[in-house]
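*Asks:* Need coordinates for the following:
(one chain, ligands or ions: 2)
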Amino acid sequence: MLGNFTYCNPTKIYFGKDALDGLKGELEKYGKNVLLVYGGGSIKKNGVYDKVISILEDCGKKVFEDAGVMPNPTYEKLLEGVDRARKAKADFILAVGGGSVCDYAKALSVSVHLKGDPWDIYFDKFKEPSCKIVPVGCVLTMVGTGSEMNGGSVITNRYKKLKIGHVFGEEVFPKFSVLNPEYTFTLPKYQMVAGIYDIMCHILEQYLSGEDDNTSDYIAEGLMRSLIKSSYAAVKNPTDYEARSNIMWTATWALNTLIAKGKTTDWEVHMLGQAVGAITDATHGMTLAAVTMPYYYHILPYGLHRFKRFAVNVWGVAEGKSDEETAVAGLKAMEKWMKDIGLVMNITELGVTPETVEDVADATRVQEGGYKVLTREEIVEILKKSL
Ligand code: NZQ
Ligand code: ZN
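*Replies:* Numbers count the residues shown, from 1 in each chain. Ligands and ions are numbered 1, 2, ... in the order given. Predicted structure coming up:
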């Protein structure tokens with residue numbers, strides 16, 4: 001049942017080859033001091049940095065830079081950024097990069113004027129910001145997380161060996177995001193397919209929950225079918241604009257709150273994957289891929305009806321066999337697709353060893369919206385099967 005809800009997504013999207021044309025008009029709405037946040041340098045190599053700087057100059061902005069945001073951005077980096085943003089008296093934060101840069105920018109936006117420790121307040125106690133929030137805009141260069149149109153911010157605390165996401169409310173969503181599929185052409189294949197799996201996993205975390213038949217389920221199935229088709233085309237030809245633009249738009253809709261409506265939502269694959277990431281610092285999408293099959297086979301008996309529907313409506317498995325046989329055929333089709341596009345299928349390859357499985361289990365948070373609430377023993381069992 002869909003029940004009662006209020007729906008608002010405040011992020012304005014500029015999409016397509018000319019998307020950056022929207023940046024000037026957006027920047028003019030904000031103050032002079034802009035903190036330009038980016039990662040390890042890919043934007044300098046592919047020319048996006050120069051284009052953005054030229055627009056900032058055109059707008060007469062005073063630009064301060066906060067570079068070096070790493071994949072899986074850390075709490076230590078966040079504290080450094082807070083210091084920079086305060087010194088710059090930042091009126092606006094412009095994030096240019098992937099999910100890590102966008103997530104970091106959002107964490108920064110709620111920490112610049114915070115009195116207190118951001119980890120403690122946002123990533124341990126999960127409080128909502130009560131301080132002034134510095135507005136954020138994004139120019140996206142890596143596709144997968146959906147960070148460009150949501151309130152999510154995932155920060156890694158290396159000292160505590162935790163990787164935690166806070167889903168902030170509307171006021172923390174980016175004010176706008178610039179989505180030009182061509183900016184993603186320079187992504188290494190490993191990152192591209194990791195992002196593709198991140199999208200798939202976001203959709204499944206929402207689709208594989210609850211028993212009801214509602215609009216969200218049908219939208220989710222359409223998004224997955226589009227993603228599977230486009231992923232094959234993008235792997236074959238990374239500069240296939242049609243495929244890359246479909247993937248980019250699917251990523252945004254996979255996690256911008258729409259398809260969660262009417263669903264309890266699971267997120268346990270993300271909890272397992274984030275725990276793997278906390279211990280190994282591996283690429284987010286790969287951490288999800290590596291634990292997926294053992295987790296899904298484990299919960300299949302509890303969500304048989306939905307796994308059967310997934311097999312038939314998404315993977316085109318013919319009906320007529322037992323529900324279990326049909327559901328398993330769907331998972332096998334999904335596993336084949338995962339291998340075909342080149343995903344990492346075990347956590348050993350990502351750096352987890354039999355000795356560190358318990359550390360990963362310690363870092364795994366248990367969610368309650370899926371088909372089976374995992375016990376500690378089940379988490380360890382799934383992780384061992386993922387080795
Ligand atoms: O740092 P640079 O040099 O820019 O290189 C990056 C990075 O090494 C590179 N890259 C990005 N765009 C590129 C490019 N290389 C060449 N050409 C380009 N156009 O790609 C690498 C990975 O970038 P990153 O931003 O880390 O990847 P992603 O977008 O997958 O973000 C991952 C982070 O997002 C979090 C993850 O946990 C992880 O920390 N998530 C955020 C979510 C949200 N906000 O809702 C939800 C997700 O489930 C996820 O947890
Ligand atoms: Zn994800």
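
*Asks:* just how off-centre is stretch 140-157 within its chain?
*Replies:* Distance of stretch 140-157 from the chain centroid (CA atoms, centre = their mean, to the nearest Å) equals 5 Å.

*Asks:* From one end of that stretch to the other, what's the distance?
*Replies:* Chord length of stretch 140-157, first to last residue, is 24 Å (CA to CA, to the nearest Å).

*Asks:* Averaged pLDDT, it. What do you get?
*Replies:* For stretch 140-157, mean pLDDT rounds to 98.

*Asks:* Which positions in that stretch come out as buried?
*Replies:* 140-157 (16 or more other CB atoms under 10 Å). For every residue, glycine as well, the C-beta is placed using N, CA and C.

*Asks:* So that stretch, near ligand 1 or not?
*Replies:* Yes. Stretch 140-157 is in contact with ligand 1 by CB under 6 Å from any ligand atom, via 141-142, 144-147, 150, 152-154.

*Asks:* Would you mind measuring from the residue positioned nearest the centre of the chain to N9?
*Replies:* In the chain, the centroid-proximal residue (CA atoms, centre = their mean) is T145; its distance is 2.2 Å. Here the distance between T145 and N9 works out to 16 Å (CB to CB, to the nearest Å).

*Asks:* what residue of the chain is the furthest out?
*Replies:* G320 (36.4 Å).

*Asks:* before we move on, back to that, format the residues of stretch 140-157 next to ligand 1 as a markdown table; extra columns: distance to L383.
*Replies:* Formatted as a markdown table, these follow (distance: CB to CB, whole Å):
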| residue | distance to L383 |
| --- | --- |
| T141 | 32 |
| M142 | 27 |
| G144 | 23 |
| T145 | 23 |
| G146 | 26 |
| S147 | 26 |
| N150 | 28 |
| G152 | 24 |
| S153 | 26 |
| V154 | 20 |
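
*Asks:* so I347, which of the three states?
*Replies:* The local conformation at I347, judged by DSSP: H, G, I helix; E, B strand; the rest coil, is coil.

*Asks:* got the phi/psi numbers for it?
*Replies:* Main-chain dihedrals, I347, degrees, to the nearest 10: phi -80, psi -10.

*Asks:* same deal with I164?
*Replies:* phi -130, psi 140.

*Asks:* who in the chain is up against ligand 1?
*Replies:* Residues of the chain lying near ligand 1 (CB under 6 Å from any ligand atom): 39-43, 46, 71-72, 97-101, 103, 141-142, 144-147, 150, 152-154, 165, 183-184, 186-187, 191, 195, 198, 255, 270, 284.

*Asks:* ok, back up a step: quick one: the residue nearest to the centre of the chain is in a helix?
*Replies:* No. Assessed with three-state DSSP, T145 is coil; it does not lie in a helix.

*Asks:* Now it: closest residue in space, sequence neighbours ignored.
*Replies:* In space, T145 comes closest to G99 once its chain neighbours are excluded; the distance is 3.0 Å by CB to CB, 6 or more residues apart in numbering.

*Asks:* what sits against the one you found?
*Replies:* Contact analysis of G99 by CB atoms under 8 Å, 6 or more residues apart in numbering lists 142, 144-147, 154, 198, 284.

*Asks:* which helices and strands does the helix or strand hosting K229 pack with?
*Replies:* Assigned by DSSP states H and E, K229 belongs to helix 215-236. Counting contacts by 3 or more CB pairs under 8 Å, 6 or more residues apart in numbering; DSSP states H and E, helix 215-236 packs against helix 189-207, helix 241-254, helix 304-315, helix 323-341.

*Asks:* burial measure for the residue in the stretch 201-350 of the chain that ligand 1 sits nearest to, as a count.
*Replies:* Closest to ligand 1 within the stretch 201-350 of the chain is H284: 3.9 Å, counting by CB to the nearest ligand atom. For H284, the neighbour count with other CB atoms under 10 Å is 27.
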